[in-house]
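Chemist: please work out how this folds:
(one chain, ligands or ions: 1)
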Amino acid sequence: MNFETVSYEKLGPVARICHNRPEAANAENAQLLSELDQAVVQAANDDSIRVVIIGGKGKHFSSGHDLKGFWPKGTHPISTREGWWSMEEQYFYDYCMRIWDLPKATIAQVQGGAIAGGFMVANMCDLIVASDDAFFADPVLQSLGAPAVEVLIHPWVMSNRKAREMLFTGERLSARDALAAGMVNRVVPRERLEEETLALANKIANVPPFAMRLMKRSLNRTMDFQGLRNSLSAHFDTHEFAHATNEQKEFNSRGNLIERGKKNVA
Ligand code: ZN
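Modeler: Got it, this is the predicted structure:
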């Protein structure tokens, strides 16, 4: 499969899939999210692949959903609330859950910014390796006036109190803070990020694949029994309702949304 906005590298038993729009800080548009999903499915269906790394080319992991040009130029296919709901479900919710449910180990390899939708993708992985310059933020409440991103994974991967602070303030979590919060597994120097992530992936790749599949099944079910899946799908509906409120419309009519978004990776 040829991809334009993601890269797909096969490194022995490891597939490394990267956001590949470095000129746009790896902003996720419709094409990129579709290709990322196709790449993840390709890795899932390739029996020789045991571990999947998800990263980003260039300075940042990803600045999040592309607010400037989500759809190809000249197209604007969604004009109804119903259409918007279905689009967000497919591109933002279902694609993310496919990463979460992948029957293989996944590692996010993060440098620079992992913001909003990009942060959400990184947090769908089993493990996160971050470089010392990495930072994480979900500024959606502060900058878009909506309750966080579509998949509210944050309180499941750090303390509930830390997640509230981060979401209420929109402040960045540095790689070290994220390590201390238990959200990141390892912090490494920027120049060693690829090497260290790959070494970890190769170690995990030794595990027999069916045993890994069962391991993940049990780990994911543990969280499902605690209510993860129901909570995430309930939040998705709540998030969609927020997009339809007069308050959000009014909030976004003030100030420039794009300028507010740009500040996130500056
Ligand atoms: Zn949304």
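Chemist: quickly note the distance from the residue nearest in space to the middle of the chain to Arg254.
Modeler: Centroid-nearest residue in the chain: Val121, 1.2 Å away (criterion: C-alpha atoms, centre = their mean). From Val121 over to Arg254 the distance is 29 Å, taken as C-beta to C-beta, to the nearest Å. Any C-beta I mention is one placed from the backbone N, CA and C, and that applies to glycine too.
Chemist: and what of Asp46?
Modeler: Asp46 sits 48 Å away from Arg254, going by C-beta to C-beta.
Chemist: ok, Ala244 next?
Modeler: Using C-beta to C-beta, Ala244 is found at 18 Å from Arg254.
Chemist: so how many other residues sit close to Met183?
Modeler: For Met183, the count of nearby residues is 25 (other C-beta atoms under 10 Å).
Chemist: residue contacts, the residue lying closest to it once chain neighbours are set aside?
Modeler: Leaving out its chain neighbours, the residue that sits closest to Met183 by C-beta to C-beta, 6 or more residues apart in numbering is Met158, at 4.4 Å. Neighbouring residues of Met158 by C-beta atoms under 8 Å, 6 or more residues apart in numbering: 166, 178, 181-183.
Chemist: for the host helix or strand of the residue nearest to the centre of the chain, buried residues please.
Modeler: Secondary structure assignment for Val121, by DSSP states H and E: helix 116-123. Neighbour counts over helix 116-123 (16 or more other C-beta atoms under 10 Å) mark 116-123 as buried.
Chemist: can you redo those residues as CSV with distance to Glu191?
Modeler: Formatted as CSV, the buried residues of helix 116-123 follow (distance: C-beta to C-beta, whole Å):
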residue, distance to Glu191
Ala116, 27
Gly117, 27
Gly118, 22
Phe119, 23
Met120, 27
Val121, 24
Ala122, 20
Asn123, 25
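Chemist: between those residues, which is closest to Arg190?
Modeler: Arg190 has its nearest neighbour among those in Ala122, at 16.2 Å by C-beta to C-beta.
Chemist: please tell me how far the closest one sits from His60.
Modeler: Between Ala122 and His60 the distance is 11 Å, computed by C-beta to C-beta.
Chemist: which neighbours do these two have in common?
Modeler: Shared contacts of Ala122 and His60, defined by C-beta under 8 Å, 6+ apart, are found at Ala114.
Chemist: what sits against the nearest residue to Pro139 once chain neighbours are set aside?
Modeler: For Pro139, ignoring the flanking residues on the chain, the nearest one in space by C-beta to C-beta, 6+ apart is Gly170 at 3.5 Å. By C-beta under 8 Å, 6+ apart, the contact set of Gly170 is 137-143.
Chemist: one more time with 7 Å, if that's ok
Modeler: Gly170 sits next to 137, 139, 141-143 when contact means C-beta atoms under 7 Å, 6 or more residues apart in numbering.
Chemist: any quick PyMOL command for the buried ones out of those residues?
Modeler: In PyMOL, this line selects whichever of the contacts of Gly170 come out buried by 16+ other C-beta under 10 Å:
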select buried, resi 137+139+141+143
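Chemist: about what we covered before: distance check, the residue nearest to Pro139 against Ala116.
Modeler: In terms of C-beta to C-beta, Gly170 sits 10 Å off from Ala116.
Chemist: touching both of those two, which residues are there?
Modeler: By C-beta under 7 Å, 6+ apart, the residues touching both Gly170 and Ala116 are Pro139.
Chemist: in a helix, that's where Val52 is, yeah?
Modeler: No - according to DSSP: H, G, I helix; E, B strand; the rest coil, Val52 belongs to no helix; its state is strand.
Chemist: would you map the strands across the stretch 101-250 of the chain?
Modeler: Assigned by DSSP state E, counting those that start in this stretch, the stretch 101-250 of the chain shows strands spanning 105-110, 113-115, 127-131, 135-137, 173-174, 186-188.
Chemist: name the stretch among these that sits most buried.
Modeler: Highest mean neighbour count among the strands of the stretch 101-250 of the chain (mean count of other C-beta atoms under 10 Å): strand 113-115, with a mean of 30.
Chemist: show me what that one is packed against.
Modeler: strand 135-137 (3 or more C-beta pairs under 7 Å, 6 or more residues apart in numbering; DSSP states H and E).
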